[in-house]
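Trainee: Please find the sequence and the predicted model below.
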Amino acid sequence: MRTAAPRPPLPPMVGRYGVALLAVGCAAGYSAVVSGSTAVTPFILFAAAVAATAMTAGFWPSAVAVVLPAVTSDFLFLDPGTN
């Protein structure tokens, strides 16, 4: 019986959180550019960014990647309230 190949080590902490920032930044930038020209919701790319971060960087960077789109989309895509 063959054993599975060992998993490569995770990158250092700065690189792991950098993956989260880069993935969410790319998703936000692309969504901001394309959101005016298509009827597709701009938030779908954030789910892909969180999934990519979770697969490559681990739990805590992916938790950061869950919070970052909420803050980013509040500033970029949602209209301010009238309160």
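Mentor: Cool, got the structure. Numbers count the residues shown, from 1 in each chain.
Trainee: So, low pLDDT: which residues of the chain?
Mentor: Residue ranges of the chain with pLDDT under 70: 1, 9-11, 36-40, 82-83.
Trainee: same thing but 90
Mentor: 1-16, 28-45, 57-58, 70-83 (pLDDT under 90).
Trainee: Identify the single longest helix in it, thanks.
Mentor: When the chain is parsed with DSSP state H, its longest helix is helix 13-34.
Trainee: Could you list the alpha-carbon positions for the helix or strand Phe46 falls within in PDB?
Mentor: Assigned by DSSP states H and E, Phe46 falls within helix 44-57. The C-alpha trace of helix 44-57 is given here as PDB (Å, rounded to 0.1, in the frame of the first residue of the first chain):
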ATOM      1  CA  ILE A  44     -18.900  36.100  -6.100                       C
ATOM      2  CA  LEU A  45     -15.100  36.600  -6.600                       C
ATOM      3  CA  PHE A  46     -14.600  37.100  -2.900                       C
ATOM      4  CA  ALA A  47     -15.800  33.600  -2.300                       C
ATOM      5  CA  ALA A  48     -13.100  32.300  -4.700                       C
ATOM      6  CA  ALA A  49     -10.500  34.500  -2.900                       C
ATOM      7  CA  VAL A  50     -11.500  33.000   0.500                       C
ATOM      8  CA  ALA A  51     -11.300  29.500  -1.000                       C
ATOM      9  CA  ALA A  52      -7.900  30.000  -2.500                       C
ATOM     10  CA  THR A  53      -6.600  31.500   0.700                       C
ATOM     11  CA  ALA A  54      -7.900  28.500   2.700                       C
ATOM     12  CA  MET A  55      -6.400  26.000   0.400                       C
ATOM     13  CA  THR A  56      -2.900  27.600   0.300                       C
ATOM     14  CA  ALA A  57      -2.500  29.500   3.600                       C
END
